[in-house]
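Student: This is the structure alone, sequence omitted:
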């Protein structure tokens, strides 16, 4: 019975996992399982008491509306700041609250946000002579409304601002969809779909497991390496971990006859290690998870630094590989599993024998993926943009029919991400244009004033990681806090590249502290091998270790790279 169940789980991903199921990473339901983006996601567990709100359309938004109204009217903003900036911040904060407390799809919430800001004309437009100003000031007198301390516009020549506020606001709302970062992720989603459809992902997974099945510890390393191998090409940690790795892990656990009473330590070790492997691989590449590219935009905005694929990858080689090396050892020490190696080898060999013969499509895809990976890593020397590489790789998988066009059209999560990621990029740009991000950074840096640059940086890192307890999505955590933290780091004189690196790498890794921080962890937790309290305790241990590695190996590695 266990074997047949395992075979069924191997043949197809769990029903509750769609490809790239990112809500953004999907919220956990009451059982701890995840829900794909194509369906309405239930309220997060920490607001379970408000579940009655789901029965009344729109009423779920009350907490978000309350936060928006409160921040809109608070008298805390500098007099020199255009009122449009705080309004965008208020609506943005309300949307973040809605992401955490409602069952609305992320893209629906984004659509509401853009529509509201467009109708109220709370974006930055440009006059016919190229002057920037709030769209709601189009058609008004040049000498009215703004404080004298706000920009040269307030003292400009008398007359009327010549621009169309509503049309200009709409132009701003859709401008994020042409951003190159957005298209990098879009192309990577389709490449990842090809990896899944051809079966190459499972072939790589079982190939590594077969080669490393000498002990239960080596199985832990195999899961880490499979995640690491797939992460550059599958930019959804839920698609990668939930759609490819999770069925393999559970199949192996069941094949080893491990359950809550027999070989329980082995099951706990494999499940928890695979969960950590997903977070580690997500931190390794800019395409490791859907939220990572937001850091590229914010690094450029705050520090004027190009935080591209190669720089992200090289910066994490030293500390990232160290974490990859010690994580299975640490989880092995925590769980102390015992397993007969011959039994493991037989189980994995049986599962591997069920794979189809190596196909022509897989061979073509291997060539395309290896070429793309080489092109990404060598970007500093070739000068070829990472997005161009991804676009050409996407074109090749379509032209060679490795990925049929109908699958491109059916890949709803790629199109969904194209929409919400582009929207977040433009919202971040607008907050920066109106000086809101700089103001938030200055408020935070004021609280840490007096600390040295490195002490301040690690204080910011602790704040960043600790706030993960409040979020049920890694991407919402990144989009809510990364900009203020980077602004604060700049104000406090922290070294730019290490600051960007710490915020980038801790974004996914800090998700280890809870079982609800991303859909993949919710899936592994739903197997009930590990109690919730134990997961929290173990997650905190892992986070402390991860941060210790970056504070030692990471700092030394970045010094070697001459990053400071």
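Tutor: Great, that's in hand. In this text the structure is predicted, and so the values were computed from the model without any measurement.
Student: Any idea how many residues pack against the nearest residue to residue 430 once chain neighbours are set aside?
Tutor: Excluding its sequence neighbours, the residue lying closest to residue 430 (CB to CB, 6 or more residues apart in numbering) is residue 88, at 5.4 Å. C-beta coordinates here come from the backbone N, C-alpha and C atoms, glycine included. Counted with other CB atoms under 10 Å, residues neighbouring residue 88 total 24.
Student: residue contacts, residue 88?
Tutor: By CB atoms under 8 Å, 6 or more residues apart in numbering, the contact set of residue 88 is 117, 122, 123, 427, 430, 431, 434, 436.
Student: per-residue pLDDT, it?
Tutor: pLDDT for residue 88: 94.
Student: And for residue 147?
Tutor: For residue 147, pLDDT reads 50.
Student: Likewise for residue 355?
Tutor: pLDDT, residue 355: 79.
Student: In this structure, where is pLDDT below threshold?
Tutor: 1-57, 143-158, 213, 340-341, 344 (pLDDT under 70).
Student: which residues of it fall in strands?
Tutor: All strands of the chain, identified by DSSP state E, fall at 124-126, 132-134.
Student: Highest neighbour count among the contacts of residue 88?
Tutor: For the contacts of residue 88, neighbours tallied by other CB under 10 Å; top is residue 123, 28 neighbours.
Student: That one - nearest residue in space that isn't next to it in sequence?
Tutor: residue 172 (4.0 Å).
Student: cool, and residue 246?
Tutor: residue 523 (5.5 Å).
Student: My read is that that neighbour contacts residue 239, right?
Tutor: No. Taking contacts as CB atoms under 8 Å, residue 523 lies outside contact range of residue 239: 11.9 Å.
Student: thinking again about what came up before, could you dump the strands of the chain into JSON lines with mean neighbour count and distance to residue 535 added?
Tutor: Shown next, in JSON lines, are the strands of the chain (neighbours: other CB atoms under 10 Å; distance: least, CB to CB, whole Å):
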{"stretch": "strand 124-126", "mean neighbour count": "19", "distance to residue 535": "44"}
{"stretch": "strand 132-134", "mean neighbour count": "22", "distance to residue 535": "47"}
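Student: Dump these to a markdown table, plus distance to residue 94.
Tutor: A markdown table is the format used below for these (distance: least, CB to CB, whole Å):
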| stretch | distance to residue 94 |
| --- | --- |
| strand 124-126 | 20 |
| strand 132-134 | 19 |
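Student: Figure out which of those strands is closest to residue 284.
Tutor: strand 124-126 (35.7 Å; CB to CB).
Student: Show me what the closest one pairs with in its sheet, parallel or antiparallel.
Tutor: strand 132-134 (antiparallel) (DSSP bridges).
Student: Residue 208 contacts residue 224, doesn't it?
Tutor: No. At 9.4 Å, residue 208 does not count as touching residue 224 under the criterion of CB under 8 Å.
Student: Run a quick neighbour tally on the residue nearest to residue 123.
Tutor: Residue 172, neighbours per other CB under 10 Å, totals 24.
Student: Roughly how far does it sit from residue 178?
Tutor: 12 Å (CB to CB, to the nearest Å).
Student: One more: residue 486?
Tutor: On the measure of CB to CB, residue 486 and residue 178 end up 24 Å apart.
Student: Repeat that for residue 465.
Tutor: For residue 465, the distance to residue 178 - CB to CB - is 34 Å.
Student: what about the spatially closest residue to residue 377 that is not a sequence neighbour, neighbour count?
Tutor: In this structure, residue 377 finds its nearest non-sequential neighbour in residue 310, 5.6 Å apart by CB to CB, 6+ apart. Counted with other CB under 10 Å, the neighbours of residue 310 add up to 18.
Student: Then residue 84?
Tutor: 23.
Student: OK, contacts around residue 465?
Tutor: 506, 510, 513, 543, 547.
Student: hang on, I meant residue 181
Tutor: 293, 294, 296, 297, 387, 421, 425.
Student: Return the subset of the residues you listed lying in helices.
Tutor: 293, 294, 296, 297, 387, 421, 425 (DSSP state H).
Student: In the helix ranked longest in the chain, which residues are buried?
Tutor: Using DSSP H, we find that the single longest helix of the chain is helix 309-335. For helix 309-335, a neighbour-count test (16 or more other CB atoms under 10 Å) marks 309-313, 315-316, 318-324, 327-328, 330-332, 334-335 as buried.
Student: Once you drop chain neighbours, what's closest to residue 500?
Tutor: Closest to residue 500 by CB to CB, 6+ apart is residue 299, at 4.6 Å.
Student: how does this structure divide into domains?
Tutor: Domain segmentation of the chain under automatic domain parsing yields 11-16+178-560, 45-173.
Student: so of those, which one's packed in deepest?
Tutor: domain 11-16+178-560 (a mean of 21; mean count of other CB atoms under 10 Å).
Student: Now do that one: distance to the chain's middle.
Tutor: In terms of CA atoms, centre = their mean, to the nearest Å, the centre of domain 11-16+178-560 is set 8 Å apart from its chain centre.
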